[in-house]
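Asker: whatever this is, show me its structure:
(2 chains, ligands or ions: 2)
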Amino acid sequence: MTPANPAMRRFGTIGQPVSRLDGPLKVAGAARFAAEVRPERLAYAAIVPAAVAKGHVIAIDAADARATRGVIAIMTHENAPRMGRPPRFIEDPDGTAFDSSPVMQDNRVRWNGQAVAVVIAENQDIAEHAASLVRVSYSPEAAKLSFQALLLSARRPASILGQPTEVNAGGDAEQALASARFTVDEIYTTPRYNHNAIELHALTAVWEAEDRLTLHDSTQMLALTVSTLARVLDLPKDHIRVLSPFVGGGFGGKGFFSHTLLAIAAAKLAGRPVRLVLSREGVFRLIGGRANSRQRVALGARSDGTLTALIHTGATGVMTGTIFPEQFTFPARHLYAADSLHLDQAIVELDIPANIAMRAPGESIGSFALESALDELAAKLDLDPVELRRRNEPQKDPTDGRAFSTRNIVEAYRRGAERFGWSNRNPAPGTQRDGEWSIGQGVATAYYPYYRFPGSAARIRITADGRAVVQAAAHEMGMGTATVQSQHAAQLLGLPLDRVTFEYGDTALPPSALAGGSTQTASIAGAVIAAHERLVEELLRLAGNDSPLAGAGPKEVETRNGGLFRKGDQEIGESYETILRRAGRDHAECEAVGTPPAEMMNYSMLSLGAQFCEVRVNDITGEVRVARWLGSFDTGRILNPKTAASQFRGGIIMGIGMALTEETLFDERSGRIMNPSLAEYHLPVHLDVPQIDVIWTDIPDPQSPAGVHGIGEIGITGCAGAIANAIYNATGTRIRELPITPDKVLAFTSQPYGQSRPLSS
Amino acid sequence: MHFAINGRSYDVELDIRTSLLDLLRDRLGLTGTKKGCDQGACGACTVLVHGERILSCLALAVQYQRREIMTIEGLGTPNALHPLQQGFIAHDGFQCGYCTPGQILSAVGLARELQNGVPSAVTANLTDDAVEVTADEVRERMSGNLCRCGAHNGIVEAVLEYLREPPETGAAR
Ligand code: FES
Ligand code: FES
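Answerer: Ligands and ions are numbered 1, 2, ... in the order given. A predicted model of the protein is given here:
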């Protein structure tokens, strides 16, 4: 027997480092992912990608593929079942598509790599082999592929995630900049990135009947997938069920894309269940990533460091007609008290796969530019960068003047600096040496907004044996959802953890908002709190007049110690078992939707943090190694320090990749991604990752359910800035172009061998 | 074709182009072995053959007939976990859990390599018989197993603990 998780028998595990409840399944390889269900008569699909960036398919010669033994069908725009356009995310309440182009309904090619045919076969090998035999001819058209060349035609999107695209506050920022005593005015660029969750995108599509679909999907958008499919397939929502109990990493990339519809259509066409697992190359070609950006940050300051002007503008390269500009100006809207602000974003439309949300979209790349510029200013002022930030700490939100619900970034910096040993750093660049290595430390602010989505529901069922089941169609991609929600529900119900089960990952359960925007924990906690209130009323009703609680109102009782008790009185009350038995019931059950997220209207709500790091830069090879890291966060109350620390670390590690090694290479002549493989797209590996120290203020936000903030995304923000700033401290070189690869370091720092700084000091 | 997997024997008819990974996952339903790239770049498909770690996506199944193959299902089960699996839970050495079976089997293989004194790129002294167990030694040797969730710290802690305090008896080996 596995040693029992000692926390399981305990009451009140909120804030305790409880090990993941789904841990045994995952470490034993027994957790079932979407590609691992095996319905009868399962067929396998493989995709033929377009070889041109724009144009039309004029002919498809599939004779050889069709003649291959084991091929069941070949789907193209000519024979694909008819499907509507998918409604778009944000724009349409039912929508979850980032790109609303029709899927395999016409002969148009919209980007290089789009699916033009799908081969369905008896097994994966046959499907892939046959796909390689399909010959497609195109009539190509001129495509828009060069971001740089089209920059002048950039246009301003109507809004940025519902927020105004342009923000001006406190007068003319350009003028303030021109007359400022100290200034920084620089351009920062960031490349395209891909999520690259290790689990490949996978679906198993099963048509149970002509008009009933079951989809085993690896998705972080369960409910929206159903509403989108209902529209595309013209089916009632309750004829579609999506299951996604485990997702092998998401980061924004697991959702509804063309592959979803291709699998469903293929299953319809073949008349059999179909499994579609994208190849790694297919993930790059069909699922967009983070858009590239070119950003300007300009700062004007007085000699004491207070900002007179903050300007953050720029453009990103997105797919023509899509809606996701990457909100890189969001950090500058809330972080610093500048006398004047000018923030603006534009998009350059290109014939490329639609960029989609990738862990802290916008905030990650925006914080690189903003936090690098702050560091440049600190150097010019000869002021400590932590102190510079402290001097620009706002009292109220700089953009809209709202009060902050909670804001303890100064404290997070203080504690972080102390623990990291920031005061030992020599601010003069290029002064710390170890053989051929230059050493430096850098710091940057992490920022991500607090969001909670409306409409999440949860159901609680208490049974006469004193157990509880909590249900919500929530997502588990590694955030620890099942564990943390069980802890929260157990605490609320006054039950030990091993008496509570959390069920999730199935649209047959009460609908829950998507897992995105770092919202899930607060959204579901809000729904569970609402369902709990109903449950208390229901239990009181069932308790009736024979109960010691007779006559008490819902506000006068509370759930604790496995039952319902009068507030403030240890004795008066009874267990769930007693109440249910006397009422002759085997269970009580209540479902409710969380209160609308009014807190977001009334307050400026932010998650914040301070990222400290130490790097070593090799004089000869230009290699940058991250030697030490400390993240100090202010993100409300932490429900589970164990899983929370992992989420922070995961974000930071993705930030290290973003800063130093990752880049999706794009051929502007053909529109083709050149490195669609994990051998050529370099994720940080074990040897690239130092021990990462994370701490937090753990100050509950009085405005959010359970005092929590989501923490899935903030970890990646500030990382690239902290690393670039540390490289400056190590070498005196400022690199404003990500990723900071050895060639860039060498181009800026190296002189002919032997003429640079002495190799040992 | 005949295969010996986790101490069980399997007889299957197989297309000779089938990789060992597809045999395990698609034909035999041993889905604990994961596919993350099918190109030898991620390590999710790591299995042990006679105790040595290999990437099953780069192996043709036909070559591995009658050799002793161990997958994660053979190491431990949810109710009878191997000490290293327990260590992964204790140190939170995973998030989504997709890279995890590969990481764990890779670490089991690594332990044997260390025992046999096989040096790595970070081994300080190549002439010593035994390799000193350090965090960097583990990091270097685990670098072929990618983790996008960023569970690296917990993985290294779990593996170090396992290497330093070898359990008295291997629970379910
Ligand atoms: S699936 Fe074999 S190394 Fe990635
Ligand atoms: S735990 Fe998700 S990839 Fe490693």
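Asker: is stretch A:274-287 anywhere near chain B?
Answerer: Yes: taking C-beta under 8 Å from any C-beta of the partner chain as the criterion, stretch A:274-287 and chain B are in contact, through A:277, A:279-280. (Each C-beta comes from the backbone N, C-alpha and C, glycine too.)
Asker: and chain B, which residues reach ligand 2?
Answerer: Selection of chain B residues close to ligand 2 by C-beta under 6 Å from any ligand atom yields B:94-100, B:147-149, B:151.
Asker: which SSE is the most centrally placed residue in chain B in?
Answerer: The residue at the geometric middle of chain B, judged as the C-alpha nearest the mean C-alpha position with C-alpha atoms, centre = their mean, is B:L105 (1.8 Å). Assigning secondary structure by DSSP states H and E places B:L105 in helix B:100-115.
Asker: that helix: how far from the chain's middle?
Answerer: Averaging C-alpha positions (C-alpha atoms, centre = their mean, to the nearest Å) puts helix B:100-115 5 Å from its chain's average.
Asker: again with stretch A:115-133
Answerer: Using C-alpha atoms, centre = their mean, we find the averaged C-alpha position of stretch A:115-133 to lie 32 Å away from the chain's own average C-alpha position.
Asker: for stretch A:70-84, same thing?
Answerer: Its chain's C-alpha centre lies 33 Å from the corresponding centre of stretch A:70-84 when counted by C-alpha atoms, centre = their mean.
Asker: over to stretch A:436-453?
Answerer: From the chain centre to the centre of stretch A:436-453 is a distance of 16 Å (C-alpha atoms, centre = their mean).
Asker: and that stretch, which residues are buried?
Answerer: When neighbours are counted by 16 or more other C-beta atoms under 10 Å in any protein chain shown, the buried residues of stretch A:436-453 are found to be A:437-453.
Asker: ok, now stretch A:492-509?
Answerer: Applying a neighbour-count criterion of 16+ other C-beta under 10 Å, one finds A:492-500, A:502-507, A:509 buried in stretch A:492-509.
Asker: ok, these vs ligand 2, which is closest?
Answerer: Ranking the buried residues of stretch A:492-509 by separation from ligand 2, with C-beta to the nearest ligand atom as the measure, puts A:G505 on top at 16.1 Å.
Asker: for the closest one, which non-adjacent residue is closest in space?
Answerer: Nearest residue to A:G505, sequence neighbours excluded (C-beta to C-beta, 6 or more residues apart in numbering or on different chains): A:P245, at 3.7 Å.
Asker: tell me the one of the residues of chain B next to ligand 2 nearest ligand 1?
Answerer: Sorting the residues of chain B next to ligand 2 by distance to ligand 1 puts B:C99 at the head of the list, at 9.4 Å, by C-beta to the nearest ligand atom.
Asker: next up, phi/psi of the closest one, please.
Answerer: Main-chain torsions, B:C99, degrees, to the nearest 10: phi -80, psi -10.
Asker: what about stretch A:530-537, distance to the chain center?
Answerer: Here stretch A:530-537 is found 31 Å from its chain centre; the criterion is C-alpha atoms, centre = their mean.
Asker: may I see the buried residues of that stretch?
Answerer: Buried positions in stretch A:530-537, judged by neighbour count with 16+ other C-beta under 10 Å: A:530-532, A:534-536.
Asker: next one: stretch A:458-474
Answerer: Within stretch A:458-474, the residues that qualify as buried are A:458-464, A:466-474, counting by 16+ other C-beta under 10 Å.
Asker: can you give me the helices in chain B?
Answerer: For chain B, applying DSSP state H gives helices covering B:20-22, B:72-75, B:83-90, B:100-115, B:135-142, B:152-164.
Asker: circling back to that earlier point, near chain A at all, the helix holding B:L105?
Answerer: Yes: in terms of C-beta under 8 Å from any C-beta, part of helix B:100-115 sits within range of chain A, namely B:100-101, B:104.
Asker: number of residues surrounding the residue in the stretch 301-450 of chain A that ligand 2 sits nearest to?
Answerer: Nearest residue of the stretch 301-450 of chain A to ligand 2, counting by C-beta to the nearest ligand atom: A:R359, 13.1 Å away. Using other C-beta atoms under 10 Å in any protein chain shown as the criterion, A:R359 is surrounded by 27 other residues.
Asker: my read: A:G29 touches B:I72, true?
Answerer: Yes: the pair A:G29 and B:I72 passes the contact test of C-beta atoms under 8 Å, sitting 3.7 Å apart.
Asker: the closest residue to ligand 2 within chain A: what's it in contact with?
Answerer: Using C-beta to the nearest ligand atom, the point where chain A gets nearest to ligand 2 is A:I198, with a distance of 4.0 Å. A:I198 makes contact with A:248-249, B:34, B:36, B:42, B:44, B:96, B:98-99, B:146-149, according to C-beta atoms under 8 Å, 6 or more residues apart in numbering or on different chains.
Asker: near ligand 1, which residues of chain B show up?
Answerer: Taking C-beta under 6 Å from any ligand atom as the criterion, the neighbours of ligand 1 within chain B are B:35-38, B:40-45, B:55, B:57.
Asker: need phi/psi at the residue sitting furthest away from the middle of chain B.
Answerer: No residue in chain B has its C-alpha farther from the mean C-alpha position than B:T127, which lies at 27.0 Å (C-alpha atoms, centre = their mean). Here is the backbone geometry of B:T127 (degrees, to the nearest 10): phi -90, psi -10.
Asker: not counting sequence-adjacent ones, nearest residue to the residue of chain A at minimum distance from chain B?
Answerer: Closest approach of chain A to chain B (C-beta to the nearest C-beta) occurs at A:G29, with a separation of 2.2 Å. Among residues not flanking A:G29 along the chain, B:G32 sits closest, at 2.2 Å (C-beta to C-beta, 6+ apart).
Asker: where in chain B is pLDDT low?
Answerer: With pLDDT under 70 as the threshold, chain B has low-confidence stretches at B:166-173.
Asker: so it: which segments form each domain?
Answerer: The record, using automatic domain parsing to delimit domains, assigns chain B the ranges B:2-74, B:76-169.
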